[in-house]
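Asks: from the sequence below, what's the structure:
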Amino acid sequence: LLQEKMDPESRLDVLRGVVKETTADNKEDLKDEKKEDMFEKKVQFQCELCGLCEMCQYKGKAPPFVKNLLEFTESCYVMVDPFSPRQSRFGNNFLVLGGECEACHVTVCVECSIYFTKRFCVNCAQFNVNEFPKDVQSRIVKMADNFARQKSS
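Replies: Numbers count the residues shown, from 1 in each chain. Below you'll find the predicted structure:
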């Protein structure tokens with residue numbers, strides 16, 4: 001049935017083995033393959049401040065494994081939660097590892113950055129602390145103190 005819809009050149013490519021013929025079985029295999037590819041860790045994440053290094057599944061705003069349930073407002077590094085069972089991954093079992101600082105463009109983890117409309121590394125947030133609302137300023141001061149303590153130990 002699908003063979004009739006193919007143009008002669010494409011059919012020759014299939015016969016030569018250059019291109020695989022698309023059948024209903026192949027479509028299922030491709031769908032399963034694509035689903036598995038979605039969970040393969042292909043993206044390297046490394047925080048430039050603390051050195052956290054991890055492979056993750058996606059960098060961007062709309063991870064394929066959240067099934068169009070959400071779209072991030074920033075490009076961030078996302079991985080499927082390795083602690084949740086595989087069959088229960090319905091789009092809410094993911095971890096955001098971090099993103100890029102809006103000011104200095106370094107890659108930072110969520111522990112070394114603050115997100116307030118945009119992501120800022122601890123250094124840029126501390127430098128521009130007066131540009132943030134008071135409640136966010138106190139979080140930045142705490143984060144900077146913790147960061148300084150970790151760095152010194």
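
Asks: right, and the helix or strand after the helix or strand hosting Val78?
Replies: Per DSSP states H and E: Val78 is located in strand 76-80. Moving toward the C-terminus from strand 76-80, the next helix or strand (DSSP H and E) is strand 94-100.

Asks: so which elements touch that next one?
Replies: When contacts are defined as 3 or more Cβ pairs under 8 Å, 6 or more residues apart in numbering; DSSP states H and E, strand 94-100 packs onto strand 76-80, strand 107-109, strand 113-116, strand 118-121. Every residue, glycine included, has its C-beta placed from N, CA and C.

Asks: how far away from the center of its chain is the strand holding Val78?
Replies: Computed by Cα atoms, centre = their mean, to the nearest Å, the chain-centroid distance of strand 76-80 equals 3 Å.

Asks: equivalent analysis for stretch 102-109, please.
Replies: Worked out by Cα atoms, centre = their mean, stretch 102-109 lies 15 Å from the chain centre.

Asks: ditto for stretch 103-118
Replies: 14 Å.

Asks: for that stretch, C-alpha coordinates in PDB please.
Replies: Taking C-alpha atoms only, stretch 103-118 is exported to PDB below (Å, rounded to 0.1, in the frame of the first residue of the first chain):
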ATOM      1  CA  ALA A 103      24.500  39.300  32.400                       C
ATOM      2  CA  CYS A 104      27.800  37.500  31.900                       C
ATOM      3  CA  HIS A 105      26.600  34.400  29.900                       C
ATOM      4  CA  VAL A 106      28.300  31.800  32.000                       C
ATOM      5  CA  THR A 107      26.600  28.400  32.500                       C
ATOM      6  CA  VAL A 108      25.400  28.100  36.100                       C
ATOM      7  CA  CYS A 109      23.500  25.600  38.100                       C
ATOM      8  CA  VAL A 110      20.400  26.400  40.100                       C
ATOM      9  CA  GLU A 111      22.400  26.500  43.400                       C
ATOM     10  CA  CYS A 112      24.800  29.100  42.000                       C
ATOM     11  CA  SER A 113      22.200  31.300  40.400                       C
ATOM     12  CA  ILE A 114      18.900  33.000  41.100                       C
ATOM     13  CA  TYR A 115      16.000  33.200  38.700                       C
ATOM     14  CA  PHE A 116      14.000  36.500  38.900                       C
ATOM     15  CA  THR A 117      12.400  37.100  35.400                       C
ATOM     16  CA  LYS A 118      15.900  36.000  34.100                       C
END
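
Asks: thanks again, I'm all set now.
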